[in-house]
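> Below: sequence and its predicted model.
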Amino acid sequence: MRTLFIKLLLALSLFGAVSASASDAYAAREAPAVEQKAYESHSIGHLLANFAKSTGVYAILYPNPDEMSALGKPMSDFHKGWGRVIMILVAFVLFYLAIAKGFEPLLLLPIGFGGLLSNIPVADIAGPHGFLGVIYQAGLANELFPIIIFMGVGAMTDFGPLLSNPKTALLGGAAQFGIFGTLVGAVALSQYTGLFDFTLQQASAISIIGGADGPTSIYIATKLAPELLGAIAVASYSYMALVPIIQPPIMKALTNAKERKIKMTTLRHVSRMEKLIFPILVLVLAILVLPDSTPLIGAFAFGNFLKESGVVERLSNTLQNALINIVTIFLGLGVGSKLAADQFLVADTLAILALGMVAFSVGTAAGVIMAKIMNLFPGTKINPLIGSAGVSAVPMAARVSNKVGMEYDRNNMLLMHAMGPNVAGVIGSAVAAGVMISIFA
Amino acid sequence: MRTLFIKLLLALSLFGAVSASASDAYAAREAPAVEQKAYESHSIGHLLANFAKSTGVYAILYPNPDEMSALGKPMSDFHKGWGRVIMILVAFVLFYLAIAKGFEPLLLLPIGFGGLLSNIPVADIAGPHGFLGVIYQAGLANELFPIIIFMGVGAMTDFGPLLSNPKTALLGGAAQFGIFGTLVGAVALSQYTGLFDFTLQQASAISIIGGADGPTSIYIATKLAPELLGAIAVASYSYMALVPIIQPPIMKALTNAKERKIKMTTLRHVSRMEKLIFPILVLVLAILVLPDSTPLIGAFAFGNFLKESGVVERLSNTLQNALINIVTIFLGLGVGSKLAADQFLVADTLAILALGMVAFSVGTAAGVIMAKIMNLFPGTKINPLIGSAGVSAVPMAARVSNKVGMEYDRNNMLLMHAMGPNVAGVIGSAVAAGVMISIFA
Amino acid sequence: MRTLFIKLLLALSLFGAVSASASDAYAAREAPAVEQKAYESHSIGHLLANFAKSTGVYAILYPNPDEMSALGKPMSDFHKGWGRVIMILVAFVLFYLAIAKGFEPLLLLPIGFGGLLSNIPVADIAGPHGFLGVIYQAGLANELFPIIIFMGVGAMTDFGPLLSNPKTALLGGAAQFGIFGTLVGAVALSQYTGLFDFTLQQASAISIIGGADGPTSIYIATKLAPELLGAIAVASYSYMALVPIIQPPIMKALTNAKERKIKMTTLRHVSRMEKLIFPILVLVLAILVLPDSTPLIGAFAFGNFLKESGVVERLSNTLQNALINIVTIFLGLGVGSKLAADQFLVADTLAILALGMVAFSVGTAAGVIMAKIMNLFPGTKINPLIGSAGVSAVPMAARVSNKVGMEYDRNNMLLMHAMGPNVAGVIGSAVAAGVMISIFA
Amino acid sequence: MEVNLVAEGLKFMVLGMGIVFLFLTLMILAMNVMSKIIHRYFPEPHAAESGKSALAAADKLKKVAAIAAAIHHHNTK
Amino acid sequence: MEVNLVAEGLKFMVLGMGIVFLFLTLMILAMNVMSKIIHRYFPEPHAAESGKSALAAADKLKKVAAIAAAIHHHNTK
Amino acid sequence: MEVNLVAEGLKFMVLGMGIVFLFLTLMILAMNVMSKIIHRYFPEPHAAESGKSALAAADKLKKVAAIAAAIHHHNTK
Ligand code: NA
Ligand code: NA
Ligand code: NA
């Protein structure tokens, strides 16, 4: 079979057949390092046989027993062969979702392409000398890229809606229950089912998906469980894209018609100085209460502060455009390098995908329920539909609140009211991330 | 007191009080590395106590005896505790100056924010694994960022005014007296007062502030005295911003009414080819006379040459926009990482701030006096008000010359005439920097 | 003579003459490392003598016997002295060609300037601590920069013309004969003339110039023969710029009047989905047939796929503008750092320039002849003038086809027809590069 | 000693949610205090900047239109 | 054993050109298959997007012109 | 041996200012020589490019205005 395959390829290549014995070929492959040093002459037939064996088709059909993973560990034949094919198909599914369905294409396209490239046999693009490996080392291993993205997101964020209705920040806190509830779920799965064996670090990294915040997920995964980075990032961005599908049924199930029609009072005007001071205020609080959250909150506050200062527009524009775009490309490719079959095609990935879905759902529910609890106290009432926006997934979740609200009352514009919990959710997730860093530091 | 504080925090956190003894807590803190390896179960009270001790408030009130500085050296309790608070307030002052007073916000905002972040306890953002530390290593330790800024500044500079009146370059030379005069002052302070103990390298790095050129100061400080980088950069940019306040009294004191009203002849037209050849000419001279100045002058000439070539507009635009903006953000943050309390809150900083002020004043005076000396020779007369522009601080110093000139004669536009010494001052400072590199190489 | 020179310089510097004996000066130079540690006082005369000896003029006239090359190897006095002057003049020639003649200025200006800087004596800008050395290590030694350029080029490429007339891809294949023909030529030169002694790796790196594709040449040269990178890159971009001069005579010599007037049918409309799938299709083929070509083809396909997806316009724009411009600047400077006299002023460079010219000519001829061979088969005829576009050199070669075609028939617009083989030539060269990587891996 | 992971997870949840709410509660308090201070001591001059920029854009458009009209007028005379 | 470099070079040429043509031939086949599949199963709605965007630009210009004209009209009344 | 730092500093000043002025003096000489050579052998064709680009911008605006006017004319007919 092996010899047949080689012959077939040779025939195709129009340069005649060759009767290289498989054992010869094998020997040639075994010692490439030596060959490189002292170049030895080969017959054209030998060269063709070597070529045939350097094709991707051959590498997938007949996995090389000496091949190591990008991390330098041994791999199963499945992960060397058909596993790669499956992962390339997974990349195609991500492309389809990103392009045809509009699922967070800015990150899923680069991640998917990185995943495609990292599963190419022979080329070792995700290895230490491949360009994906170089990119990963340059900006992901040191956690720099998600921090820069956070600066850019900060420069794009408007805290006006939150400032005009501060108490909605609590909704963004409640939604973090998605994180910690999932953490319990993940360790329970490990302890009671025996199917999985997540450590506390891994469980924490997985549960942060519930924060619905891409760069935070990537930051924490890189720190606590880099071996799960690929699956966590894919789950995180996929579910963020799925927010319009995941959230509405939960929101409707937990509210009654009267609640859904609650009108919220017009937001008060927020002065320029309030917006300017706010990022510093949040950062100072983070310093006082939880310094471990300050790399994330500090980067976010930096971007927001540059924007709101109004005096460095060229830096703020660069953060929001050239810089965030460049880093997005490399972040995506670097994350994709962790979609290699041997790291992604494992049972854990299924658990991560399932737990991520749970995390989103629990977070959504917690936000809605928190709004209902707050309505039990005296004061102006909150439409519980904006509670779901507390998961973050800015600005998608806020739009979902608005859309569901308008289904029940055409004139009830909830968008700006939902932006408050939405951005508070980003801060809440960063705080939750800080708690985890603090626990495991 | 310590236990009281912890209790207070716990009460605040709504999850009940805990009676963790301080000694227990201390032990827990002592061996974090071991804890991480073999995770040990803790009671909720214990966890809360640990949390209380991981807050910034606690870290500032009760400095951790084992904590090392970002450079891995021991620190005093002051530098671990209230020193950080003072530095954070210093950062706020920089923000105020940058935003409310318009002090070089493009650099003082990122530097100030970097300073704020580098003084956060526990998080160690400026340490080798924090993102400020990563940024510093990536582009400041190897002196790449100031070089790239210099390329961008070169691409923004127009040598037309200098080319149309070459002899004004001497004014840009005289102003470098601010550098070397201050150098003498700094070593004299060290030798005769005993208050300070600057080495010749440190004194040189400080005196380069008198060059009134940000990237040159950062480049030289990184090379000769990286431990003083923060103070030198802050002084350099602050005084550049203060040029409209520092210079006019000196200019007025050294000139009489007649001199201030000298009209200068209209500048001749400069051809495209003169502008194209000029950067190469300067670079060739630097190669022949002082190759040690060529990293700075070469980068500057590169940017200017790309612009004047007229055939690579997309590269020239990128140098002037996306690239210089990106690098400015990271340069500022990286420099800010050197504003940690243990490096900035030292007596040396006061000396640096004072010497920097002297350097600016002496440079300004030397430029004005040089113009008066040149007027002693026959030929067309120079308005000595443009002499002050020789310090560089492009284009602020030239604007100051123009403004002071118009105070005495509404129709005397000195701006373009002052641009000549202004850009010559940049070259002069780079040459002075080259002399220092040459001496200490 | 040596003493005289020093005296001359000192007189010029207006600060009096000094009678430093040359032997003293020499001793001072010998031990700079020691001087730096324990600073020793020097007389002003001594300092001036030291300055005189740190000038570029002195370094060129009296090469320092202890100086090592940027690679840490010993150099001849010629390469330390006048060789540098010659290389600086070569840089000026590159500037002239780029600016006055429009030769690929986007790369030849940065490369030329890098070459100028790397030949400055004393400063060691291309050494491990100089900024060119830092840039080279950051992005060229790991082959990242040419890969990023390839992403940008992919995002700028339109495969429409190729998709509407697929068979023209064969012309882009035939032109690769320029690569492999030159490879044979290079080894023949080594084996039979004895003038050169190229290894197979070096010969392969040189012959890739025939691919007429800058980033591919740089990628392969860095991988197989980094010591030849400077000469290969300069040859590659220079000949790409010379395409309008090199190609027409060959095209005319190999065709008759009737062939040159062949009209090609209008191109069919290509649907958006065809363009979207195409990069993935090419990449999948590369995976199956020649995974070693996938770093190049993958990067190219990535850029093209982002563009054609239509959903990530901000990333695609960034690839085509800010990112490719930034990387072009650094790639050019980094390549220029390999134009140091000791690496460029060697007999090999002449051979590389000559072989590069042969490669372009053979590639052009092979493309034209392939078109004539294809016309022997039944079916619609191809104008052989578009065959020359198969060398790539996008879009210059296609424009040459169009221009020559219009010389013989004013109404025969070949431009879009020539774009097919033109972009196929890029793929063909990447495949040829993959073959070489595969052979030497 | 075997660690009961679920118990640990529950403790993390209590701790984590506690800190998140502590933080956000403090933030809400601080925001309210800040707003009051700013409105009392640094009141805004009234005209929102968003209105201003919209106005500026309209102005610019008006200017372009005026030029266009002028040239038109000149041409059709 | 001495390696005859020229012989090696010739072998590389045969191998290299063979693989290049093999690759491009497969690519041509695949492109043809792809085009057929796409035209059969995913036909385009007809209007080319280049036409569309040109149209959009013209639309925008028309709108600007209309506004300009309106203001002109208003001003000259 | 103790180094007298102030003496060293003064020497650096003499050396440094000397080199700065040496450099700038040579630069002034070179600039004058360059200007003379360029004006004699490579005289500029006269029209400054800044004028040109301003002209081009005005041209563009004129064109836009003309199109706007034409459409206006067409619409109001
Ligand atoms: Na969140
Ligand atoms: Na200066
Ligand atoms: Na090619």
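Structure received. Ligands and ions are numbered 1, 2, ... in the order given.
> Are we agreed that residue A:63 is in a strand?
No - counting by DSSP: H, G, I helix; E, B strand; the rest coil, residue A:63 falls outside a strand, being coil.
> Need the nearest residue in space to it, chain neighbours excluded.
With C-beta to C-beta, 6 or more residues apart in numbering or on different chains as the criterion, residue A:63 has its nearest non-adjacent residue at 3.6 Å, and that residue is residue A:80. All C-beta spots, glycine's among them, are computed from the backbone N, C-alpha and C.
> which SSE is the residue nearest the centre of chain A in?
Most central in chain A under C-alpha atoms, centre = their mean is residue A:233, positioned 2.2 Å from the mean C-alpha point. Under the criterion of DSSP states H and E, residue A:233 resides in helix A:229-253.
> in that helix, what's buried?
Neighbour-count burial for helix A:229-253 flags A:229-243, A:246-248, A:250-252 (criterion: 16 or more other C-beta atoms under 10 Å in any protein chain shown).
> ok, that helix near ligand 1 or not?
No - using C-beta under 5 Å from the ion, helix A:229-253 stays clear of ligand 1, with a minimum separation of 10.0 Å.
> List the contacts of residue A:56.
A:120-122, C:286-291 (C-beta atoms under 8 Å, 6 or more residues apart in numbering or on different chains).
> one more time with 7 Å, if that's ok
By C-beta atoms under 7 Å, 6 or more residues apart in numbering or on different chains, the residues touching residue A:56 are A:120-122, C:287-289, C:291.
> and the gap between it and residue C:297?
12 Å (C-beta to C-beta, to the nearest Å).
> one step back: output the contacts of residue A:56 in JSON lines; the columns should cover distance to chain B.
As requested, the contacts of residue A:56 are exported to JSON lines (distance: C-beta to the nearest C-beta, whole Å):
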{"residue": "A:120", "distance to chain B": "29"}
{"residue": "A:121", "distance to chain B": "33"}
{"residue": "A:122", "distance to chain B": "32"}
{"residue": "C:287", "distance to chain B": "34"}
{"residue": "C:288", "distance to chain B": "37"}
{"residue": "C:289", "distance to chain B": "36"}
{"residue": "C:291", "distance to chain B": "32"}
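> now, among the residues you listed, which is nearest to ligand 3?
Nearest to ligand 3 among these, counting by C-beta to the ion, is residue C:289 at 17.7 Å.
> Residue C:434 versus the closest one, what's the distance?
The gap separating residue C:289 from residue C:434 is 9 Å, by C-beta to C-beta.
> Tell me which of these two has more neighbours.
Neighbours per residue, other C-beta atoms under 10 Å in any protein chain shown: of residue C:289 and residue C:434, the larger number sits with residue C:434, 29 against 23.
> re the thing from before, my understanding was that the residue nearest to residue A:63 contacts residue A:62; is that so?
No - counting by C-beta atoms under 7 Å, residue A:80 stays clear of residue A:62, with 9.4 Å between them.
> where exactly do the helices run in chain D?
For chain D, helices defined by DSSP state H occupy the ranges D:5-41, D:49-76.
> among those helices, which gets the worst mean confidence?
Among the helices of chain D, helix D:49-76 carries the lowest mean pLDDT, at a mean of 49.
> before we move on, the earlier item: can you name the next helix or strand after the helix holding residue A:233?
helix A:257-260.
> returning to that earlier point: could you list which of the contacts of residue A:56 belong to helices?
C:287-289.
> can you list contacts of whichever strand or helix holds residue A:324?
Using DSSP H and E, residue A:324 sits within helix A:324-336. By C-beta under 7 Å, 6+ apart, the surrounding residues in contact with helix A:324-336 are A:106-107, A:110-115, A:117-118, A:132, A:135-136, A:139-140, A:145-146, A:148-149, A:152, A:218, A:229-230, A:233, C:314-315, C:318-319, C:322-323.
> and what of stretch A:353-371?
By C-beta under 7 Å, 6+ apart, the surrounding residues in contact with stretch A:353-371 are A:170-171, A:174-175, A:177-179, A:181-182, A:185-186, A:206-207, A:209-210, A:212, A:235-236, A:239, A:246-247, A:250-251, A:254-255, A:382, A:384, A:386-388, A:390-391, A:421.
> Next step: these restricted to helices.
Cross-referencing those against helices under DSSP H gives A:170-171, A:174, A:177-179, A:181-182, A:185-186, A:206-207, A:235-236, A:239, A:246-247, A:250-251, A:421.
> low-scoring pLDDT stretches of chain A, where are they?
A:1-40 (pLDDT under 70).
> Can you pull the residues of it lying near chain C?
A:32, A:36, A:39, A:51, A:54-57, A:59, A:98-99, A:102, A:105-106, A:109, A:113, A:117, A:120-123, A:125, A:130-131, A:134, A:322, A:325-326, A:328-329 (C-beta under 7 Å from any C-beta of the partner chain).
> Is there a quick PyMOL command that grabs whichever of those are buried?
Entered in PyMOL, the line below selects the buried ones among those, by 16+ other C-beta under 10 Å:
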select buried, chain A and resi 51+54+55+56+57+59+98+99+105+106+109+113+117+120+121+122+123+125+130+131+134+322+325+326+328+329
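> Which residue of residue A:80 and residue A:62 possesses the greater neighbour count?
Shown here are residue A:80 and residue A:62; by other C-beta under 10 Å, residue A:80 has more neighbours (22 against 19).
> OK, contacts around the more buried one?
A:63-64, A:67, A:121.
> can you check residue A:374 too?
Counted by C-beta under 7 Å, 6+ apart, residue A:374 has contacts A:170, A:382.
> Quick check: next helix or strand after the helix or strand where it lies?
Using DSSP H and E, residue A:374 sits in helix A:347-376. Sequence-wise, the next helix or strand downstream of helix A:347-376 (DSSP H and E) is helix A:396-408.
> near ligand 1, anything from that following helix?
No - if you take C-beta under 5 Å from the ion as the test, helix A:396-408 misses ligand 1, and the best it gets is 9.0 Å.
> number of nearby residues for the closest residue to residue D:24 other than its chain neighbours?
The shortest distance from residue D:24 to any non-neighbouring residue, by C-beta to C-beta, 6+ apart, is to residue A:173 (4.3 Å). Neighbour count for residue A:173, taken as other C-beta under 10 Å: 29.
> And for the residue nearest to residue D:30 when sequence neighbours are not counted, the neighbour number?
Of all residues not flanking residue D:30 in the chain, residue A:281 sits nearest, at 5.4 Å (C-beta to C-beta, 6+ apart). Residues lying near residue A:281 (other C-beta under 10 Å) number 17.
> now residue A:281: how far from residue A:302?
For residue A:281, the distance to residue A:302 equals 14 Å [C-beta to C-beta].
> what about stretch A:365-373 and ligand 1, any contact?
No - against ligand 1, stretch A:365-373 shows no contacts by C-beta under 5 Å from the ion, the least distance being 9.7 Å.
> buried stuff in the helix holding residue A:374?
Within helix A:347-376, the residues that count as buried by 16+ other C-beta under 10 Å are A:348-349, A:351-372, A:374-375.
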